[in-house]
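Asker: Need the 3D shape of this:
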Amino acid sequence: MKQRGRVLVTGASRGIGAAVAIRLAQRGYDLTLWARTAQDLAAVAKTCETLGAAVSYFNVDVGNEDQVEAATKDAAARGTHVAAIINAGVGRWDSIASTTSADWRTTIDTNLSGAFYCTRAMLRLTSEGAGFSLIYIGSDAGLTAFPSRSAYSASKWGLRGFVDSVRADLHDRPLTTITQIYPSAVDTFFRERRPGDRPDGLTPGQVTDAVLFALEAAPAVEVRELTIRSTKVTFGSGGARI
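Answerer: Prediction:
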């Protein structure tokens, strides 16, 4: 298959990010992979290389501006990028009274500030005037308020506003598409769980299907928002929280 260009994937060491990276490699994309977990990230990169992708990877916490800056310089040396899948995220469920300042800062830094840092990085990784795709992995917690998720909900509701503002900023750039995906619970390592702990949730592969649908839409078509859920759980408030 002819190479389709280079894509940045954040949070690529496990879960949704790893599934997206591997599927992109299978479909002929080259990859820049960022994640905090170095050993797992190297393993995903190796898998993608065996599938024929040219892969660079960098151990980076997206909530740390200096680390993103260093990773961006490395990525820029690899050439221009056609898309970024901004996926890295953290979450911890606690009441407001039990949420520590450190947990609040970590959540906002990763989920919201990290999206800002990575979006700004992507602008440096594209060709002047060329179109590209930005795909953000949001959450149903960015559409509905849940108890015990003040920091997480704040970060995901903030992400919604940020993504709309990015779209407004880039509206004159030709063939640039911006998508936000809102999945319900996904059966991954998220929140210190393990795959299999949420058997009724979405699989990382099912979220990847949505990413590919947006990324490979027909030219001049922008898939702006996708809400996806497992049919075994209710999306948003009032349903099972898994």
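
Asker: So for the longest helix belonging to the chain, what gets flagged as buried?
Answerer: Assignment by DSSP state H gives helix 150-169 as the longest helix of the chain. Neighbour counts using 16 or more other C-beta atoms under 10 Å place 150-160, 162-163, 166-167 of helix 150-169 among the buried residues. All C-beta atoms are positioned from the backbone trio N, CA, C, and that covers glycine.

Asker: Please apply the same query to stretch 48-62.
Answerer: Judged by neighbour count (16+ other C-beta under 10 Å), stretch 48-62 contains these buried residues: 48, 51, 53, 55, 56, 57, 58, 59, 60, 61, 62.

Asker: Quickly check these for the two that are furthest apart.
Answerer: 51 and 61 (26.7 Å; C-beta to C-beta).

Asker: And the residue nearest the centre of this structure?
Answerer: The chain has residue 87 as the residue nearest its centroid, 1.4 Å off, counting by C-alpha atoms, centre = their mean.

Asker: Please report how far it lies from residue 95.
Answerer: The spacing between residue 87 and residue 95, counted by C-beta to C-beta, to the nearest Å, is 27 Å.

Asker: Check residue 14 too.
Answerer: Distance of residue 14 to residue 95, given as C-beta to C-beta: 28 Å.

Asker: The protein: helices as residue ranges?
Answerer: Using DSSP H, helices in the chain cover 15-26, 38-50, 65-76, 101-108, 114-124, 150-169, 204-215.

Asker: winner for burial among the ones you listed?
Answerer: Among those, helix 15-26 has the highest mean neighbour count (mean count of other C-beta atoms under 10 Å), at a mean of 25.

Asker: Going by contacts, tell me the helices and strands next to that helix.
Answerer: Under the contact criterion of 3 or more C-beta pairs under 8 Å, 6 or more residues apart in numbering; DSSP states H and E, helix 15-26 touches strand 6-10, strand 30-35, helix 38-50, helix 204-215.

Asker: Using JSON lines, lay out these together with mean pLDDT and distance to residue 23.
Answerer: Formatted as JSON lines, those follow (pLDDT from 0 to 100; distance: least, C-beta to C-beta, whole Å):
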{"stretch": "strand 6-10", "mean pLDDT": "98", "distance to residue 23": "10"}
{"stretch": "strand 30-35", "mean pLDDT": "98", "distance to residue 23": "11"}
{"stretch": "helix 38-50", "mean pLDDT": "97", "distance to residue 23": "10"}
{"stretch": "helix 204-215", "mean pLDDT": "96", "distance to residue 23": "5"}
